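**Student:** build me a model:
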Amino acid sequence: MPTTNTASNHKQYEQLAVLLADARRDVRQIGPLPEDLVPDTIAAAYTVNEDVARRLGWEPLGWKIAGTTADVQTKMKIDHPIYGRTYRRFACSSPARIRHSELLDPIVECEFFVTLAKDLSARDAPWTMPEVVDAIANVHAGIEVAECRYPMKALPALPAILADGSASGRYVAGSPIKNWREGLGNIAVTLEIDGVVKRRGLGSDVMGDPLAPMLWLLEERRRRGDGLKAGETISTGSMTGMLLVRAGQHARARFGDEAEVEITFDA
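**Tutor:** Sure, this is the predicted structure:
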């Protein structure tokens, strides 16, 4: 029989999962979140996120990874990356038009989108970078429009944000990175808003190599008895930090000289 504390925690996690699933369906935010609903541990937070995905029943796109640069980790007060489930219904191709009024405190993040060609299934032995590279089908320039089911003015503790998929939102895929096997670290990334450069970054800003977060995520899923699947797309973390975007603005991200992504945020 479960202890009272275990039973109480289960009820708490289930209640949060129901709230987050309903908020995603209704395109709304929750706030302020009662403190007793915040998961007690990081592991519990990821379990809630998995429960949210089950309750929604939406086709998965893959995963997002965040907190992959020193600057973002400092702002989030963490010393490791975080991740969350993403959904195919929120994926589209550049140039994209998105209605700003349908978004929840949207933040633009320039990232590499990596799609897998084959399964990386659960196993006991740790994975290696060559195995990750061998499983990749393609890499695209991308913009994640991150959204949070909690208002920015009333953000709860980190585990509650992880339960929300680490603020996973919409995913706009741009041009393919044709020579990605030659390395992504030296690719310069520039984010423009209405033609004005707002942020700059470099592939190597993301854990030294934008594919390093892939290996990190795979190991996290392996330790949970899971893996990654063929066809899943993983956004590997922002090179340009987090930038709030307003209605009527146009965002363009340039990845070196060969790839770009564009989004117009209609009112």
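**Student:** ok, then the element right after the longest helix along the chain?
**Tutor:** The longest helix of the chain (DSSP state H) is helix 4-26. Next helix or strand after helix 4-26 toward the C-terminus (DSSP states H and E): helix 42-56.
**Student:** mind listing the strands for the stretch 51-200 of the chain?
**Tutor:** 60-66, 82-87, 91-93, 96-99, 107-116, 136-146, 170-176, 188-193, 196-202 (DSSP state E, counting those that start in this stretch).
**Student:** any idea which residue sits dead centre in the protein?
**Tutor:** Nearest to the geometric centre of the chain sits Lys64, at 2.5 Å (CA atoms, centre = their mean).
**Student:** pLDDT weak spots in this protein?
**Tutor:** 1-7 (pLDDT under 70).
**Student:** test my guess that the residue nearest to the centre of the chain contacts Thr86.
**Tutor:** Yes - using CB atoms under 8 Å, Lys64 is in contact with Thr86, at 5.3 Å. (Each C-beta comes from the backbone N, C-alpha and C, glycine too.)
**Student:** picking up where we left off before, which positions in the longest helix of the chain come out as buried?
**Tutor:** By neighbour count on 16 or more other CB atoms under 10 Å, the buried set for helix 4-26 is 9, 12-13, 16-17, 19-21, 23-24.
**Student:** which helices and strands does that helix pack with?
**Tutor:** Contacts defined by 3 or more CB pairs under 8 Å, 6 or more residues apart in numbering; DSSP states H and E place helix 4-26 against helix 42-56, helix 158-163.
**Student:** what's the angle from that helix to helix 42-56?
**Tutor:** Here helix 4-26 runs at an angle of 50 degrees relative to helix 42-56 (axes from the mean of the first three to the mean of the last three CA atoms, to 10 degrees).
**Student:** only the C-alpha atoms, please, for helix 4-26, written as CSV.
**Tutor:** What follows is helix 4-26, C-alpha atoms only, in CSV (Å, rounded to 0.1, in the frame of the first residue of the first chain):
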residue,chain,number,x,y,z
THR,A,4,0.0,8.8,2.7
ASN,A,5,2.8,11.0,1.3
THR,A,6,3.1,9.0,-1.9
ALA,A,7,-0.7,9.0,-2.4
SER,A,8,-0.8,12.8,-1.8
ASN,A,9,2.0,13.4,-4.3
HIS,A,10,0.2,11.3,-6.9
LYS,A,11,-2.9,13.3,-6.5
GLN,A,12,-0.9,16.5,-6.7
TYR,A,13,0.8,15.5,-9.9
GLU,A,14,-2.4,14.3,-11.5
GLN,A,15,-4.2,17.6,-10.7
LEU,A,16,-1.3,19.6,-12.2
ALA,A,17,-1.4,17.4,-15.3
VAL,A,18,-5.1,17.9,-15.8
LEU,A,19,-4.7,21.7,-15.4
LEU,A,20,-1.8,21.8,-17.9
ALA,A,21,-3.6,19.6,-20.5
ASP,A,22,-6.7,21.7,-20.2
ALA,A,23,-4.7,25.0,-20.5
ARG,A,24,-3.1,23.7,-23.7
ARG,A,25,-6.4,22.7,-25.2
ASP,A,26,-8.0,26.0,-24.3
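**Student:** quick revisit: now distance to Ile136 too, for the buried residues of helix 4-26, in TSV please.
**Tutor:** As requested, the buried residues of helix 4-26 are arranged in TSV below (distance: CB to CB, whole Å):
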residue	distance to Ile136
Asn9	38
Gln12	38
Tyr13	34
Leu16	34
Ala17	32
Leu19	36
Leu20	31
Ala21	31
Ala23	33
Arg24	29
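**Student:** start to end distance for stretch 217-228?
**Tutor:** Its start and end residues considered, stretch 217-228 measures 9 Å (CA to CA, to the nearest Å).
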